[in-house]
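A.B. asks: with the sequence up front, the predicted model follows.
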Amino acid sequence: MPPGLRRRTPGLRREEVAQLAGVGVTWYTWLEQGRPINASVQVLDAVARVLHLDATEREHLYRLAGIPFVSEPDSDAEVVGEEAQGVLDSLNPLPAAIYNARYDVRATNATYRTLWPLTSVVARWERNVLYKLFTVPECCLTFVNSAEELPWMVAQVRRSYGRHVGEPAWESFIALLVKESPTFAQLWASGDVAAPGKRLKSFRHEGIGVINMTSMSLSIDGMAEHRFVVHTPATEEDRLRIERLRQIEDPIVGCSYHGRPLSVIMAERAAAAAVADCDA
């Protein structure tokens, strides 16, 4: 805030809160008075940011405004817990992970990380299966049967989205994918919905070949809208290919043309992050 007259009491004036939140003084006054002004999620977020509200205080603010509040946990480990992670680890060598309703990857086991390393080692906001599938060149797509699987996955997310309309995390996620991927935008506009279930999926991995696996979703008590996703090799040959892949210390990520060793990708990301920190 620009310097002004000496204050007799600490804190922000009503006019200053309104200015910092980007709303009108009259509107903010009505908000304080509890008038029925239908405050949006975006405006409440702005007010909460200005007032430095913590998670409990933000939840209380949302409740007063009659808007559903969904807190974003500090970390994936906080969401999953040791027990669920232990189940994932015990499933090795079957690739297994925990997804939420948006296909955010919350936790994985060692075999899953070998098959899809970039869903575990990148920034948290990138740890999303749909984001990875819709923002890579078509030749680098993991799915062999993407024409069947991608529409089904988008339809499944749209089914879940119906319970989260207006929530910032969901709206920003959908907006990002619509912007980044014309294919996703087209599938999203179709309005199709689907429920999770057992699927037969074919994955292509550079250097190993095609791995066919049955994918099954299992709900988790006490973790709303989270599920175990376990992949079982369809044949003995598929199981052997997974074992071969698990023995590769530095797997290739991508197709034969765009693919690069995981170590190279991570080194480039670390260098870019260091440059960004210096610029900041």
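C.D. replies: That came through fine.
A.B. asks: contacts, neighbours, all on C-alpha from now
C.D. replies: OK.
A.B. asks: next, residue 222: phi, psi?
C.D. replies: In this entry, residue 222 is assigned phi and psi values of phi 80, psi 0 (degrees, to the nearest 10).
A.B. asks: contacts for the lengthiest helix in the chain next, please.
C.D. replies: In the chain, ranked by residue count with DSSP state H as the criterion, the top helix is helix 262-279. Judged by Cα atoms under 8 Å, 6 or more residues apart in numbering, the contacts made with helix 262-279 from elsewhere in the structure are 117, 250, 251, 252, 253.
A.B. asks: what subset of the residues you listed is buried?
C.D. replies: With neighbours counted using 16 or more other Cα atoms under 10 Å, the contacts of helix 262-279 contain these buried positions: 117, 251, 252, 253.
A.B. asks: OK, contacts around the nearest residue to the last one once chain neighbours are set aside?
C.D. replies: Nearest in space to residue 253, with sequence neighbours left out and distances taken as Cα to Cα, 6 or more residues apart in numbering, is residue 259 at 5.1 Å. Shown here is residue 259, whose contacts under the criterion Cα under 8 Å, 6+ apart are 140, 206, 252, 253.
A.B. asks: show me where pLDDT drops low in this structure?
C.D. replies: Low-confidence regions of the chain, defined here as pLDDT under 70, cover residues 1-5, 7, 55, 68-79, 280.
A.B. asks: buried stuff in stretch 123-142?
C.D. replies: Of all the residues in stretch 123-142, those buried under the rule 16+ other Cα under 10 Å are 126, 127, 128, 129, 130, 131, 133, 134, 135, 140, 141, 142.
A.B. asks: I misspoke; the intended subject was stretch 156-164.
C.D. replies: By neighbour count, and taking 16+ other Cα under 10 Å as the criterion, the buried residues in stretch 156-164 are 156, 157, 158, 159, 160, 161, 164.
A.B. asks: looks to me like the last one is in a strand.
C.D. replies: No: per DSSP: H, G, I helix; E, B strand; the rest coil, residue 164 lies outside any strand segment and is coil.
A.B. asks: three-state assignment of the spatially closest residue to it that is not a sequence neighbour?
C.D. replies: Distances taken as Cα to Cα, 6+ apart place residue 170 nearest to residue 164, at 6.7 Å, with adjacent residues excluded. When the structure is reduced to helix, strand and coil (three-state DSSP), residue 170 reads as helix.
A.B. asks: and if you look at residue 207?
C.D. replies: coil.
A.B. asks: about what we covered before: okay, the longest helix of the chain in PDB with CA atoms only?
C.D. replies: What follows is helix 262-279, C-alpha atoms only, in PDB (Å, rounded to 0.1, in the frame of the first residue of the first chain):
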ATOM      1  CA  LEU A 262      15.100 -39.700 -18.100                       C
ATOM      2  CA  SER A 263      18.400 -38.400 -16.700                       C
ATOM      3  CA  VAL A 264      18.700 -35.900 -19.500                       C
ATOM      4  CA  ILE A 265      15.200 -34.600 -19.100                       C
ATOM      5  CA  MET A 266      15.700 -34.100 -15.300                       C
ATOM      6  CA  ALA A 267      19.000 -32.300 -15.800                       C
ATOM      7  CA  GLU A 268      17.400 -29.900 -18.300                       C
ATOM      8  CA  ARG A 269      14.600 -29.200 -15.900                       C
ATOM      9  CA  ALA A 270      17.000 -28.600 -13.000                       C
ATOM     10  CA  ALA A 271      19.000 -26.200 -15.100                       C
ATOM     11  CA  ALA A 272      15.900 -24.300 -16.200                       C
ATOM     12  CA  ALA A 273      14.700 -24.100 -12.600                       C
ATOM     13  CA  ALA A 274      18.100 -22.700 -11.500                       C
ATOM     14  CA  VAL A 275      18.000 -20.000 -14.200                       C
ATOM     15  CA  ALA A 276      14.500 -19.100 -13.200                       C
ATOM     16  CA  ASP A 277      15.600 -18.700  -9.600                       C
ATOM     17  CA  CYS A 278      18.500 -16.500 -10.600                       C
ATOM     18  CA  ASP A 279      16.200 -14.300 -12.700                       C
END
